[in-house]
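K.L.:
below: sequence and its predicted model.
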Amino acid sequence: MNLRKALPGICLSAILAMPALASAQSYPTRLVRTIVSFPAGTTVDNVIRLYTPKLAEAYGQPFIVENRIGGAAGNVGAEFVARAPADGYTLLAAAASIPSSISLYKDLGFDFVRDFDPIAMLASSPFLLVATNSAGVSTVPELIKLAKGKPGQLNFASTGIGGTNHLAGELFNSMAGVKFVHVPYKGTGTALPDVVNGNVAMMFAAVGVAQPLAKAGRLRVLAISSAARSPLAPDVPTVAEAGVPGYEATTWFALLAPAKTPQEIVTRLNGAIVKLNQTAEIRERLAAQGADPLNGTPQQVSTFIKSEVVKWAKVVSDAGVKAE
């Protein structure tokens, strides 16, 4: 390259980039919206609302949550953020259901990997693997033995086709070499009672709703679905250590920005989230939501999300899951 000829172009590019750099360094200077693709009161909504007041306090600008509901698996809100200006003022509180939706739905209108820049992990919510008392099992190996003796005769409940706990059950089928038949419900409120009553053999259920039933002796907790034991249920073994090595399935929550958001903005927000996740207040309030805090650099979050897309695509394909 002739440096003398290229220098004016390089200088012009640097000059043009200066306003964007200055804007990133002073970010934020106005209201920041975080889009939630699910109704108020859902776990992802409750989780992000723990962070937004703290971010507003830290940066001196309003951070608000906006619920944009419509479409399955949170796709409408995700598409809205994917098309928003990449300036850090429109963010997405993403849930684990969005990566799996890539394999479940056609023509989403966005690419979950290409169209977003990961900022930070917020938290994860593991499931408790629970069984009906009438099954007469108290461990994961006993559940597997029972299922192998009755292939295709036992059911598992979920909160809906393609949902995270549905896919957790299908992953268990695949990795444990069993065949529980999926029975979808319209929510935990209708699914868990059928486990308690013995109409369904087992379920991957949210910790917060399953624990009280287990403590009352109305169902059996066999394992927790996270990779490591959770402070939410420290005495409960993981599915992996209880008999299905490598098993992991959780609902997780992350903060994302439109692709090509200035790296300085992404880095600043990541640092703020990581710092908040180290505070006792956030950790305690997450625990009340049945969630554990997560940390990681933007690059680590990106790698994790890509792995989730691949992982759940295989589960959807192998199980022949079709979206409603």
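P.N.:
Received the coordinates, thanks.

K.L.:
so which residues of the stretch 151-300 of the chain form strands?
P.N.:
Using DSSP state E, counting those that start in this stretch, the strands of the stretch 151-300 of the chain run over 155-158, 181-184, 202-206, 220-224, 250-258, 292-293.

K.L.:
what's the closest of those strands to Arg285?
P.N.:
Checking those against Arg285 by CB to CB gives strand 292-293 as the closest, at 9.9 Å. Yep, even glycine has a C-beta here, placed from its N, CA and C like the rest.

K.L.:
from the contact counts, what lies against that closest one?
P.N.:
Counting contacts by 3 or more CB pairs under 8 Å, 6 or more residues apart in numbering; DSSP states H and E, strand 292-293 packs against strand 116-131, helix 280-288.

K.L.:
can I get the strands of the stretch 151-300 of the chain in TSV with mean pLDDT, mean neighbour count and distance to Thr303?
P.N.:
Shown next, in TSV, are these (pLDDT from 0 to 100; neighbours: other CB atoms under 10 Å; distance: least, CB to CB, whole Å):
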stretch	mean pLDDT	mean neighbour count	distance to Thr303
strand 155-158	97	24	28
strand 181-184	97	16	30
strand 202-206	97	27	25
strand 220-224	98	24	24
strand 250-258	97	25	12
strand 292-293	94	22	19
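
K.L.:
for Trp312, find the nearest of those strands.
P.N.:
In terms of CB to CB, the element of the strands of the stretch 151-300 of the chain nearest to Trp312 is strand 250-258, at 11.9 Å.

K.L.:
starting at the chain centroid, how far to the closest one?
P.N.:
Distance of strand 250-258 from its chain centroid, counting by CA atoms, centre = their mean, to the nearest Å, is 6 Å.

K.L.:
for that strand, packing partners?
P.N.:
Contact analysis of strand 250-258 by 3+ CB pairs under 8 Å, 6+ apart lists helix 43-59, helix 75-82, strand 90-95, strand 116-131, helix 164-176, helix 263-276 as its packing neighbours.

K.L.:
mind putting these into JSON lines with mean neighbour count, mean pLDDT and distance to Ala191?
P.N.:
Formatted as JSON lines, these follow (neighbours: other CB atoms under 10 Å; pLDDT from 0 to 100; distance: least, CB to CB, whole Å):
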{"stretch": "helix 43-59", "mean neighbour count": "19", "mean pLDDT": "96", "distance to Ala191": "16"}
{"stretch": "helix 75-82", "mean neighbour count": "21", "mean pLDDT": "91", "distance to Ala191": "23"}
{"stretch": "strand 90-95", "mean neighbour count": "26", "mean pLDDT": "96", "distance to Ala191": "19"}
{"stretch": "strand 116-131", "mean neighbour count": "25", "mean pLDDT": "97", "distance to Ala191": "11"}
{"stretch": "helix 164-176", "mean neighbour count": "23", "mean pLDDT": "97", "distance to Ala191": "9"}
{"stretch": "helix 263-276", "mean neighbour count": "18", "mean pLDDT": "98", "distance to Ala191": "32"}
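
K.L.:
of these, which is nearest Met202?
P.N.:
strand 116-131 (4.5 Å).

K.L.:
so which bits of whatever helix or strand comes next after that closest one are buried?
P.N.:
Later in the chain than strand 116-131, the nearest helix or strand by DSSP states H and E is helix 140-149. Neighbour counts over helix 140-149 (16 or more other CB atoms under 10 Å) mark Val140, Glu142, Leu143, Ile144, Leu146, Ala147 as buried.
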